[in-house]
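*Asks:* Sharing a model that was predicted from the sequence below.
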Amino acid sequence: MAETDAEVLTPEAGHRARIAVALSGGGHRASLFGLGALLYLVDAGKASDLCSISSISGGSLTNGYVGVNVDLASTTATAFRDGVRPLAKAVSTGGTVWARPLTYAYLASMVVVLGLASWLCFPLDGAWPLLVWAGAVIVVGWLAQKRSWIAGRSFDAVLFHGAKLSDMHTAVEHVITSCDLQTAEQVYFSGRFVHSFRLGWGEPADLRVGWAAQASACLPGAFSPVHRSVDAHRFRDPTPDAPKSFILVDGGVYDNMGTEWPMRLSRRVHEGTPPTPPPVVPDELIVVNGSAGQGVTMRRRLRVPIIGELLALLADKDVLYDQTTAVRRRLLDQLFRDRNPAGALVQIDRSPFALPRQFDRPDGATSDDLAKRARRILDALGDTEAAWQQEADTNRAVGTTLSKIPADRAARLLRHAYVLTMVNTHLLLDYPLLDIPDVDSFLPLVR
């Protein structure tokens, strides 16, 4: 983000602030963490002030589901909980990719091909065993390239039930983000438009939400790139070097926190031909990052010949993900503290005590309002600092995969995000400070 990017979020006097939310990647963990933040915003009466939710990977499962099933402009706290219960259960105890028999049949088909090749080789001699194995490898390779299609079908069946982008509610722009490998730029899918830098503004056409969510969650290595022709989207302002098709992977390859959409939106609405009315430029930005820093990872297996080389490439990818996010996170943290732009960062590895502790100082280093709100938060949290730090440490250790998460841990992820969003937005943006909920209040969502 360039320094000028922060200038797009400047509150105007005399109107109610418009809020953008960015939901990070990080598998089902990020899906639940992002949902917990949205639960607080709805309970706090902020849902009608939202203008956009941008998302990556696991956050896109939450964003797409909410976009299809809940009208945030008119929902109530009770209606929202009822509406997102199937999502919370699916990404915790129910499962998404691994909840469908198709996934297991797909994996079994590759095992069958290899098993059949092994069986056929016994009675054969000469060059035939080699030819049989070559054929088997080709078939398995072809099947392996279909793993993104399998995941997309599973997302569609479990969460989106065939809904198209154009079926999403549009009072709030639900923007699902992926990265195009040919241009090294983000591609944005929403209910009213598709957008990329080199192609400009286009239409959602008949694209399914499940397909867009899979393109957003297409982690390199785990899934194969997703291909999509651009013709159906009728882009209005393509550049001469614009690609004729997309080759899409996880949006986190470029920006794993989903901040590029709201931070650069002011420029985009003045470039090309946006939809009518154009997307609303926000005044405040809440970044919900369910993907913690990498920390120390021992990689002794990198010394193993051949396998170590492959593992080293995967380790390189992990470092690149971690550092691109870390740089953005440090910049956002400083910008939000300076209120340029106004916003708050909700980071999964942080305790709710972390930010108010920094502002609860009697040395005059913070404004009176911030110091008062910090003290109010600390009083509400009470003597629970050690427990919250343990909760943050445990939640950041939950795997960033598409596997099931036990009900108690899923409820704790929701609660952690809820309370952390409330604390940080109350301190920095003066959002409502509600009662601290207990874990039991979230358990009905995930069971």
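*Replies:* Perfect, I can see it now.
*Asks:* Check Asp71 and give its pLDDT.
*Replies:* Listed pLDDT for Asp71 reads 97.
*Asks:* One more: Leu335?
*Replies:* Reported pLDDT for Leu335: 85.
*Asks:* Surely it touches Gly343?
*Replies:* Yes - between Leu335 and Gly343 a contact is recorded at 7.3 Å, counting by Cβ atoms under 8 Å. In this view, the C-beta of every residue, glycine as well, is placed from N, C-alpha and C.
*Asks:* Centre-most residue in this protein?
*Replies:* With distances taken as Cα atoms, centre = their mean, the residue of the chain nearest its centroid is Gly59 (2.5 Å).
*Asks:* That one against Ser24, yeah?
*Replies:* Yes - the pair Gly59 and Ser24 qualifies as a contact (Cβ under 8 Å) at a distance of 5.4 Å.
*Asks:* shared neighbours, those two?
*Replies:* Residues touching both Gly59 and Ser24 (Cβ atoms under 8 Å, 6 or more residues apart in numbering): Ala30, Gly34, Gly258, Val288, Gly290.
*Asks:* Which residue ranges of the stretch 251-400 of the chain form helices?
*Replies:* Using DSSP state H, counting those that start in this stretch, the helices of the stretch 251-400 of the chain run over 260-263, 265-268, 307-337, 354-359, 368-381, 385-396.
*Asks:* hmm, back to that, identify, from the shared contacts of Gly59 and Ser24, the entry nearest to Phe359.
*Replies:* The closest of the shared contacts of Gly59 and Ser24 to Phe359 turns out to be Val288 (Cβ to Cβ; 20.6 Å).
*Asks:* so where is this protein shaky, pLDDT-wise?
*Replies:* The model of the chain has pLDDT under 70 over residues 1-15, 293-296, 362-367.
*Asks:* What ranges does it have for its strands?
*Replies:* Assigned by DSSP state E, the chain shows strands spanning 19-23, 50-56, 173-180, 185-189, 194-196, 200-202, 226-229, 245-250, 284-289, 342-347.
*Asks:* What strands line up against the longest one, and which way round?
*Replies:* If I follow you right, that is strand 173-180. Here strand 173-180 has these sheet partners by DSSP bridges: strand 50-56 (parallel), strand 185-189 (antiparallel), strand 245-250 (antiparallel).
*Asks:* ok, for the residue nearest to the centre of the chain, nearest residue in space, not its chain neighbours?
*Replies:* Excluding its sequence neighbours, the residue lying closest to Gly59 (Cβ to Cβ, 6 or more residues apart in numbering) is Leu23, at 3.0 Å.
*Asks:* so who does the one you found touch?
*Replies:* 30, 34, 37, 53-56, 59-60, 62-63, 258, 288, 290.
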